[in-house]
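Trainee: please work out how this folds:
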Amino acid sequence: MTAISFLARVAMTGTVAGLGLGSSAEQVRDTLGDQCIADRRKKSLRLDYGLLEFSLFAESCEGIAVQVHRLTGGPEQVIPDVLRPSLSEVSRTVSFEALRSEIERDGSYFLEELRRQSGYRCYRVAKSHVILFVVDEFASEGESLAPGDLWSIMISGRS
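Mentor: You can find the predicted model right below:
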């Protein structure tokens with residue numbers, strides 16, 4: 001599967017590798033392994049797998065971030081081992097327009113622009129808890145991302 005089709009599936013289903021809101025820390029670790037940074041604060045736990053971050057409260061997933069911007073450092077550095085065999089054609093940047101075309105291809109899903117904020121445009125997959133952040137301004141010199149590149153996908157019950 002290409003990176004675009006993988007990210008489109010995430011955006012349309014609100015899940016990653018079968019994990020979604022309400023998944024337990026145990027389910028996340030069973031699926032993705034223990035190769036992550038775990039940051040615990042009282043009842044909150046963040047499991048950082050590079051490309052993927054899971055935010056849990058009382059051991060239940062409340063948010064998932066697909067940190068697409070981290071691909072600029074090299075896909076091989078941030079893609080969890082369990083996902084590598086199923087992902088092909090992963091580049092260091094992802095075109096929002098290519099992703100949008102894939103999401104809206106059959107007419108079942110569409111994106112609505114929410115707002116612009118601090119150099120980003122935000123879009124929601126209509127009637128869902130999935131928000132896409134798209135770079136809207138040129139960054140500083142040496143930055144790999146340009147306007148129109150996908151920054152991240154956020155899945156949250158609070159969106």
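Trainee: the residue most central in space within the chain and residue 48, how far apart?
Mentor: Central residue of the chain (C-alpha atoms, centre = their mean): residue 66, 1.9 Å from the mean position. In this view, residue 66 and residue 48 are 12 Å apart by C-beta to C-beta, to the nearest Å. Heads up, the C-betas are built off the backbone N, CA and C, glycines and all.
Trainee: ok, residue 36 next?
Mentor: Spatial separation of residue 36 from residue 48 under the definition C-beta to C-beta is 6 Å.
Trainee: now the phi/psi pair for the residue nearest to the centre of the chain, please.
Mentor: In terms of degrees, to the nearest 10, the main-chain angles of residue 66 are phi -100, psi 100.
Trainee: contacting residues around it?
Mentor: 7, 10, 16, 51, 52, 152, 153, 154 (C-beta atoms under 8 Å, 6 or more residues apart in numbering).
Trainee: of the residues you listed, which pair is most distant in space?
Mentor: In the contacts of residue 66, the most distant members under the criterion C-beta to C-beta are 51 and 154, with 13.4 Å between them.
Trainee: neighbour count: these two, which is higher?
Mentor: For the pair residue 51 and residue 154, the greater number of neighbours falls to residue 51 (24 against 21), based on other C-beta atoms under 10 Å.
Trainee: ok, now how distant is the more buried one from residue 89?
Mentor: Going from residue 51 to residue 89 by C-beta to C-beta gives 15 Å.
Trainee: how about residue 40, nearest residue that isn't a chain neighbour?
Mentor: Beyond its immediate neighbours in the sequence, the residue positioned closest to residue 40 (C-beta to C-beta, 6 or more residues apart in numbering) is residue 46, lying 7.9 Å away.
Trainee: pLDDT score for the one you found?
Mentor: The predicted structure scores residue 46 at 97 on the pLDDT scale.
Trainee: test my guess that it contacts residue 53.
Mentor: Yes: shown here, residue 46 and residue 53 form a contact pair, counting by C-beta atoms under 8 Å, at 6.3 Å.
Trainee: name the residues of the longest helix anywhere in the chain that are buried.
Mentor: With DSSP state H setting the assignment, residue counts place helix 3-13 as the longest helix in the chain. Of the residues in helix 3-13, those scored as buried under the neighbour-count criterion (16 or more other C-beta atoms under 10 Å) are 3, 4, 6, 7, 8, 10, 11, 12.
Trainee: many thanks, we can stop here.
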